[in-house]
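K.L.:
Predicted structure and sequence below. I'll ask about it afterward.
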Amino acid sequence: MANYLYFESDPENLYTRYSLKDLTPADVNGLDSWKRYIELLFAYLNSDSAENRNRIMEQVMAELREMNSRDGKIFPGNREVDFNEYTSSRSGEEWIVILLLNKIRIPKVLPDRCPRLFISHRQADYIYALRMAQIANAGGFEYWVDVLDPALAYLTRLSTNADKLKSLLTACIIEMALVNCTHVIACVTPKSRGSLWQPYEYGRITEVPGYFKKAAAWLHPNLNKIDYPEYMLLGENFTNRKKISQWLRNEYLLWASNTCRGSTSALDYILFPELPEKADPQYQITRFPYNMYLQFNNKKQIHSIANEGDETNFLKELLSLSATANRQAIVETGPA
């Protein structure tokens, strides 16, 4: 069974991120490119020899030239002066990761592929996203949600001046998730306005080879009509959990083989607020800084979450309980 076990890894070892189950490129989209270029990145960063670093960059630039001449997607122009201008605008390690990002963007349909749901959401709506993961798991789906990805958490709290490199690696991790998911559901709320990632994530799944109704959205009852993204009309729209579960059930019957089965999830141990179905006149849009939900430092164990605004307590709970779950999806909340 093809499976993308992003959570069974050492978050600090990006090279073995998808390798703990002896997976092959036939099991995970982008696996061969991931291992090749992450290894190349480490070799470049750890080399004390200018000759070795130059040799690596010559190899990378040759591949970039070939991809650009074929697809014309990496550099705005194909002239030599354009190529030189843009290659000098970034560091060598950044270009290695850009090459990786472009390589993993070409997915294939994997054999015996089990349904996996990519849950797209705005940062402040992560509790809805995690409730959606529970619903997906109950319907037999695997799932990917960013707050449960240990490597993303590690990158978030990593102290480095290489912010561009961190952003590129983050994009690669998200792209790997996208090309290894079969379906997407977007949590669309009043807080979704201005999201840069959500439109891409929603549309990207529809580009991945496959059929059926792969894209859907859950619409928050307080969502204003003016804030409804019209591209959501391309997929299914839902306003309650029951209809989401029905959609997942229908898709599961179309996609799943006899070898597919839902996994025990760390989220099984946590009681979430239900997805709201009626508008709340007291609803307020609270804005949080980017990735705030991955940056808490307190790891003390507490009781389960009581309401959607209790972000700090919820993440402490998730951190402590997920350590005992069968699935090793652990939210990193900062150094001990």
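P.N.:
Perfect, I can see it now.
K.L.:
Kindly format the C-alpha coordinates of stretch 237-255 as PDB.
P.N.:
Written as PDB, here are the backbone C-alpha positions of stretch 237-255 (Å, rounded to 0.1, in the frame of the first residue of the first chain):
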ATOM      1  CA  ASN A 237     -19.300  23.300  -0.500                       C
ATOM      2  CA  PHE A 238     -20.500  22.100   2.900                       C
ATOM      3  CA  THR A 239     -21.900  23.900   6.000                       C
ATOM      4  CA  ASN A 240     -22.000  21.000   8.500                       C
ATOM      5  CA  ARG A 241     -20.200  17.900   9.600                       C
ATOM      6  CA  LYS A 242     -22.800  15.400   8.400                       C
ATOM      7  CA  LYS A 243     -22.400  16.400   4.800                       C
ATOM      8  CA  ILE A 244     -18.600  16.400   5.100                       C
ATOM      9  CA  SER A 245     -18.800  12.900   6.400                       C
ATOM     10  CA  GLN A 246     -21.100  11.800   3.600                       C
ATOM     11  CA  TRP A 247     -18.700  13.300   1.000                       C
ATOM     12  CA  LEU A 248     -15.700  11.500   2.600                       C
ATOM     13  CA  ARG A 249     -17.600   8.200   2.700                       C
ATOM     14  CA  ASN A 250     -18.600   8.400  -1.000                       C
ATOM     15  CA  GLU A 251     -15.000   9.300  -2.000                       C
ATOM     16  CA  TYR A 252     -13.600   6.500   0.200                       C
ATOM     17  CA  LEU A 253     -15.700   3.900  -1.500                       C
ATOM     18  CA  LEU A 254     -14.500   5.100  -4.900                       C
ATOM     19  CA  TRP A 255     -10.800   5.400  -3.900                       C
END
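K.L.:
Can you list the buried residues in it?
P.N.:
Of the residues in stretch 237-255, 238-239, 241, 244, 247-248, 251-252, 255 count as buried by neighbour count, 16 or more other C-beta atoms under 10 Å. In short, each C-beta sits where N, CA and C put it, glycine included.
K.L.:
contacting residues around Leu219?
P.N.:
Shown in contact with Leu219 (C-beta atoms under 8 Å, 6 or more residues apart in numbering): 188, 228, 232, 237-239.
K.L.:
same check, this time on Tyr128
P.N.:
Neighbouring residues of Tyr128 by C-beta under 8 Å, 6+ apart: 121, 187, 189, 218, 220, 275, 308.
K.L.:
Does Asn222 touch Asp280 like I think?
P.N.:
Yes. Between Asn222 and Asp280 there is a contact under C-beta atoms under 8 Å: 6.2 Å.
K.L.:
higher neighbour count, the two?
P.N.:
Set Asn222 next to Asp280 and count neighbours by other C-beta atoms under 10 Å: Asn222 wins out with 18 against 10.
K.L.:
Leaving out chain neighbours, which residue sits closest to Leu101?
P.N.:
Closest residue in space to Leu101, ignoring its immediate chain neighbours: Cys172 at 5.2 Å, by C-beta to C-beta, 6 or more residues apart in numbering.
K.L.:
host element of the one you found?
P.N.:
Taking DSSP states H and E as the definition, Cys172 sits inside helix 163-179.
K.L.:
which strands and helices sit next to that helix?
P.N.:
Identification of packing neighbours for helix 163-179 by 3 or more C-beta pairs under 8 Å, 6 or more residues apart in numbering; DSSP states H and E yields helix 92-103, helix 150-157, helix 197-207.
K.L.:
start to end distance for stretch 133-149?
P.N.:
For stretch 133-149, the first and last residues are 13 Å from each other (C-alpha to C-alpha, to the nearest Å).
K.L.:
Tell me the buried residues in that stretch?
P.N.:
Across stretch 133-149, burial judged by 16+ other C-beta under 10 Å covers 133-137, 139-149.
K.L.:
quick one: average pLDDT of that stretch?
P.N.:
Taken as a whole, stretch 133-149 has a mean pLDDT of 89.
K.L.:
From Ala43, how far off is Gly235?
P.N.:
Separation of Gly235 from Ala43 (C-beta to C-beta, to the nearest Å): 42 Å.
K.L.:
Give me the more crowded residue out of the two.
P.N.:
More crowded of Gly235 and Ala43, by other C-beta under 10 Å: Gly235, with 21 against 14.
K.L.:
can you pull the contacts of the residue nearest to that one when sequence neighbours are not counted?
P.N.:
Nearest non-adjacent residue to Gly235, counting by C-beta to C-beta, 6+ apart: Ala215, 3.2 Å away. Applying C-beta under 8 Å, 6+ apart, we find Ala215 in contact with 183-186, 202, 205-206, 234-236.
K.L.:
Packing partners of the longest helix along the chain?
P.N.:
Taking DSSP state H as the criterion, the chain has its longest helix at helix 50-71. Judged by 3+ C-beta pairs under 8 Å, 6+ apart, helix 50-71 is in contact with helix 31-46, helix 80-87, helix 92-103.
K.L.:
Could you dump the contacts of Ala215 into JSON lines and include distance to Leu101?
P.N.:
Shown next, in JSON lines, are these (distance: C-beta to C-beta, whole Å):
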{"residue": "His183", "distance to Leu101": "22"}
{"residue": "Val184", "distance to Leu101": "19"}
{"residue": "Ile185", "distance to Leu101": "24"}
{"residue": "Ala186", "distance to Leu101": "22"}
{"residue": "Tyr202", "distance to Leu101": "19"}
{"residue": "Ile205", "distance to Leu101": "17"}
{"residue": "Thr206", "distance to Leu101": "19"}
{"residue": "Leu234", "distance to Leu101": "24"}
{"residue": "Gly235", "distance to Leu101": "25"}
{"residue": "Glu236", "distance to Leu101": "29"}
